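Undergrad: Next come a sequence and a model predicted from it.
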Amino acid sequence: MCGIVAYIGPREAYPVILKGLKRLEYRGYDSAGVALLNGGIKVYKKKGRVADLEESIVGKDLHAHAGIGHTRWATHGEPNDSNAHPHLSNNGKLAMIHNGIIENYAQLKRELSTKGYIFHSDTDTEVLLNFIEYIQTNNNCGLEEAVRIALKRVVGAYVIVLVDQDNPDTLIAARKGSPLVIGIGKNEHFLASDASPIIEYTKEVVYVNDYEVAIIKADELILKNLGNERQTPYITKLDMELAAIEKGGYEHFMLKEIFEQPQTIYDCLRGRLDAEAGTIKMSGIEKYAEQIMNANRIVMVACGTSWHAGLVAEYIFEELCRINVEVEYASEFRYRNPVINKGDVIIAISQSGETADTLVAIENAKAKGAIILGVVNVVGSSIARISDAGAYTHAGPEIGVASTKAFTAQLAVLTMIALKIGYEKGTLDRDRYLKLVRELNDIPDKVSTVLKGSEHIKALAEKYKGAGDALFLGRGYNFPVALEGALKLKEISYIHAEGYPAAEMKHGPIALVDEHLPVVFVATKDSYHEKVISNMQEIKARKGKVIAVINDGDEQSTALANDVMIVPEADEILAPMLSIIPLQLLSYYVGVAKGVDVDKPRNLAKSVTVE
C-alpha cells in the first residue's frame, strides 16, 4: 500500500524516481508526486496515475541529485492533488513521503493547531511531518534527532522518508511495520518499498528493521535505533532478475503471472522434492519437525487469497498429519483474545511477507510461546524475519494486484510440509506418500495442459461478461477454490460474486438463482463428485447457468453444464492447484472484456501494510 522511492547520488534523481514509481504503481495509484532538492525543495504532485504526474510536469525544472517520490493508496483523505505526497512542512523546509497509518494523528493535529500550525490536506502524513518540524524548531535540534523524538510519540505503522532543504546531501528514513529497502550503489543509494525499482541499479540491499532510522548520504549509510545507538547494516544480495518485473510480451502482468505458474510451481518444488527418491527436504522445517508432529493444533493465519490457501491446507494437514487445524483471518485473530498455548504451531501465510494484520498476529502469538512458521514469497520480508522457521515459495515478484502464482506456490509449499510431517509422523503410509510425491511432481506439466485451453476460456468470458452476479460452488478440497474463484472475479471484473460450499447453497443462496445467474461449479472427480452432480441438478432445475470445472471424460457434468472448463485428473489433495487455473483465466478475460485495468483494479493495492 503506497509506493515509496528515493534517490541520492550522482545521477539525475527524477528519471530514477519516475521509473521507480512506475514499477511500484501496483502498490497504489490514486495519486503520485515527487520532491526534488535543488537550491530548495520543488514539489510536484497530481491526482491519478504516475503517467498523469509525468504529463503535468513536462517542461518543469527537474534537475536534482536527490529526491523522493510516492504513489498513493488513499487512507486518510480522498484522492486529490492536496492529499497527494510528498507533503511540505509549514516552514517549507521539509518534505516527506509516508506509507502506513498514524493512529494518534488526530491528537497530534489538535496539539499542533493550538500552536498555530495550518494544514493543507486531510492526511495523517502532513500531521506527522509538522510534528517533526515542531520538535526540530522547539528543541533546536537536527532533523535526525527530531525524527527519533517524534516517532517515540507515534502510534501506528509507517515508513517515512524526509528531505531537508538546509541539508540537501542527506535523506532521513525510518520504518515500523511497513517495508523499506535501501539499495547500495557506488557513491549512491536507492530507497524503495520493495526491490523492484532497485534491481536494475544494484543487487546489494539493506532491509531496514522496525524502529530503525536511516541517515543516507550519497556515499554513506548509517542506521540507528530510536535510542540513538548505531546498528550494523546487514547487506543482502537480491535473488531477482530485471526480466521478472517486466511484462515479457504479455498484455498484462496478471496474464504473465498466470502463465508463469508451471515454472513457479516447479521452482517451488526444485531442490526440495525428489520424486525418484521419494524424498522431501525442507531445511526451514526440519528443525521444528518434531514440534510440529507433536503439536496439539496448528493455526494458519492469513488474509485474502493466502487465507484461501490456508483453507485448502487445513484439509490437507488434517487428513495427512491428523493434527487439528484452525484457519484464522489475521485481522480478527490479532484483536481477539485467542487461546494460545506454548507449543502451538502458527503458520503465517503471506505473499508479500509484510501484511500488517498477519505480522501483528504472529508477534502476539510468538510472545505467548507459539512456534511461528512463515510461508512467504518475498525474501527478507518482515514475516520471514520474525518467524522461527518456514519456507519461501520462490514464485518471483508478483506485480498484478490480484494474486495468482503466489496462491499455487503457497499450496505447493504447504502440501510438501504436510507430506513430510505426515510421513515422518506415521499417519501417512508409504504407498500413499510416494503416490502423492510423484503426482505433486507432475503438477507443473498438468498446469501447462490447463493453460492450453485459454482461448476457450476467453470465449466463455465474452459470453458471461454481462453478468451482474455469480455464484461459485465446491465441496471438500474444492470449496476453498470456489472462494478464491469468486474473489478473483470480484477483484478483476467488479462483478459481485460469492463462494459457498455446494451443500450450503440450499441454505440461502439458491434464492438468487434464476435464468440470468452464472453458477460456477468446481467439480473435479473426488469423493464428493456425486454430491456435486446433485447440486448441479438443483441449479439446472431453477434455470441457472451452470459453468463447470471438470476432468476430461466426465460425461455427467458435461450433460448438465451449459459450459465446461477441463483440467487433468489429480488426487483430490492436489486438484486445487489445477482447478484454480481456469478460474484465474476466466476472471482475467472477463475483466479485460469489460475494460478493467486488471493489473490495478480500483480501490485495491498489492501489499496491505495498514489495517
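TA: Now that the structure is in, tell me what you want to look at.

Undergrad: so how many other residues sit close to the closest residue to residue 2 other than its chain neighbours?
TA: Distances taken as Cβ to Cβ, 6 or more residues apart in numbering place residue 99 nearest to residue 2, at 3.9 Å, with adjacent residues excluded. No exception for glycine: its C-beta is placed from N, CA and C like everyone else's. Per other Cβ atoms under 10 Å, the neighbour tally for residue 99 reads 31.

Undergrad: Tell me the pLDDT of residue 99.
TA: Predicted confidence (pLDDT) for residue 99: 88.

Undergrad: Could you verify my assumption that it touches residue 161?
TA: No: counting by Cβ atoms under 8 Å, residue 99 does not reach residue 161; the two are 9.3 Å apart.

Undergrad: would the residue nearest to residue 2 count as being in a strand?
TA: Yes: checked against DSSP: H, G, I helix; E, B strand; the rest coil, residue 99 lies within a strand.

Undergrad: for the stretch 401-550 of the chain, what spans make up the strands?
TA: 469-474, 496-501, 518-522, 545-551 (DSSP state E, counting those that start in this stretch).

Undergrad: sec struct for residue 215, please.
TA: Residue 215 ends up strand, using three-state DSSP.

Undergrad: Setting aside sequence neighbours, what's the nearest residue to it?
TA: Closest residue to residue 215 apart from its sequence neighbours, by Cβ to Cβ, 6+ apart: residue 222 at 4.3 Å.

Undergrad: now do residue 403
TA: Per Cβ to Cβ, 6+ apart, closest to residue 403 is residue 305, 4.1 Å.

Undergrad: how about whatever helix or strand that neighbour lives in: buried residues?
TA: Element membership for residue 305, per DSSP states H and E: helix 304-321. For helix 304-321, burial by neighbour count (16 or more other Cβ atoms under 10 Å) applies to 304-317, 320-321.

Undergrad: mind listing the helices in the stretch 301-450 of the chain by residue range?
TA: 304-321, 330-333, 356-367, 382-386, 405-425, 430-451 (DSSP state H, counting those that start in this stretch).

Undergrad: quick one: low-confidence parts of the stretch 1-150 of the chain?
TA: 1, 27-28, 73-77 (pLDDT under 70).

Undergrad: Output the contacting helices and strands for whichever strand or helix holds residue 266.
TA: With elements taken from DSSP H and E, the one containing residue 266 is helix 261-269. When contacts are defined as 3 or more Cβ pairs under 8 Å, 6 or more residues apart in numbering; DSSP states H and E, helix 261-269 sits against helix 405-425, helix 430-451.

Undergrad: and residue 501, how many neighbours?
TA: Using other Cβ under 10 Å, the number of residues around residue 501 comes to 18.

Undergrad: Revised request: answer the last question for residue 2.
TA: 27.

Undergrad: Surely it is in contact with residue 72?
TA: Yes: taking contacts as Cβ under 8 Å, residue 2 lies within contact range of residue 72: 5.5 Å.

Undergrad: so residue 141 sits right up against residue 133, yeah?
TA: No: between residue 141 and residue 133 there is no contact under Cβ under 8 Å: 11.5 Å.

Undergrad: So which of these two has more stuff around it?
TA: When residue 141 and residue 133 are compared for neighbours, residue 133 comes out ahead with 25 against 14, by other Cβ under 10 Å.

Undergrad: does the more buried one sit in a helix, a strand or a coil?
TA: Per three-state DSSP, residue 133 ends up helix.

Undergrad: does it really touch residue 88, like I thought?
TA: No: when contacts are counted by Cβ under 8 Å, residue 133 is not listed as touching residue 88 (9.7 Å).

Undergrad: So for those two, which residues contact both of them?
TA: Counting by Cβ atoms under 8 Å, 6 or more residues apart in numbering, the shared contacts of residue 133 and residue 88 are residue 94.

Undergrad: What ranges does the stretch 101-250 of the chain have for its strands?
TA: Using DSSP E, counting those that start in this stretch, strands in the stretch 101-250 of the chain cover 156-164, 171-176, 181-184, 189-192, 204-207, 212-217, 220-225, 230-231, 235-237.

Undergrad: from the ones you listed, which stretch is densest packed?
TA: The highest mean neighbour count among those, using mean count of other Cβ atoms under 10 Å, belongs to strand 189-192: a mean of 28.

Undergrad: Counting neighbours, which bits of stretch 60-69 end up buried?
TA: For stretch 60-69, the neighbour count (16+ other Cβ under 10 Å) marks 62, 64, 65, 66, 67, 68, 69 as buried.

Undergrad: Okay, and the last one sits in which element?
TA: What that stands for is residue 69. Using DSSP H and E, residue 69 falls in strand 66-72.

Undergrad: in its sheet, what does that strand sit against?
TA: Using DSSP bridges, the strands paired with strand 66-72 are strand 3-8 (antiparallel), strand 31-37 (antiparallel).

Undergrad: Taking strand 171-176 as reference, get the angle to that strand.
TA: Put simply, strand 66-72 runs at 40 degrees to strand 171-176, going by axes from the mean of the first three to the mean of the last three Cα atoms, to 10 degrees.

Undergrad: In JSON lines: the strands of the stretch 101-250 of the chain, plus mean pLDDT.
TA: Listed next are these as JSON lines, based on pLDDT from 0 to 100:
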{"stretch": "strand 156-164", "mean pLDDT": "92"}
{"stretch": "strand 171-176", "mean pLDDT": "94"}
{"stretch": "strand 181-184", "mean pLDDT": "95"}
{"stretch": "strand 189-192", "mean pLDDT": "96"}
{"stretch": "strand 204-207", "mean pLDDT": "92"}
{"stretch": "strand 212-217", "mean pLDDT": "96"}
{"stretch": "strand 220-225", "mean pLDDT": "95"}
{"stretch": "strand 230-231", "mean pLDDT": "93"}
{"stretch": "strand 235-237", "mean pLDDT": "87"}
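
Undergrad: ok, residue 259 - contacts?
TA: If you count contacts by Cβ under 8 Å, 6+ apart, residue 259 has them with 250, 451.

Undergrad: do you know how far it is from residue 451?
TA: Note on residue 259: its distance to residue 451, by Cβ to Cβ, to the nearest Å, is 6 Å.

Undergrad: same thing with residue 514?
TA: For residue 514, the distance to residue 451 - Cβ to Cβ - is 33 Å.

Undergrad: how many neighbours does the residue nearest to residue 460 when sequence neighbours are not counted have?
TA: Closest residue in space to residue 460, ignoring its immediate chain neighbours: residue 563 at 5.5 Å, by Cβ to Cβ, 6+ apart. Applying other Cβ under 10 Å, we find 17 residues neighbouring residue 563.

Undergrad: Give the residue spans of the stretch 151-300 of the chain that score low on pLDDT.
TA: Looking at the stretch 151-300 of the chain by pLDDT under 70, you get 240-246.

Undergrad: So for residue 514 and residue 451, which sits in the more crowded spot?
TA: residue 451 (18 against 11).

Undergrad: I'd say that one and residue 262 touch.
TA: Yes: applying Cβ under 8 Å as the test, residue 451 and residue 262 come out as touching, 7.3 Å apart.

Undergrad: Compute the inter-axis angle for the helix holding residue 266 and helix 430-451.
TA: Going by the same axes, to 10 degrees, helix 261-269 makes 150 degrees with helix 430-451.

Undergrad: what sits against residue 506?
TA: Per Cβ under 8 Å, 6+ apart, neighbours of residue 506: residue 538.
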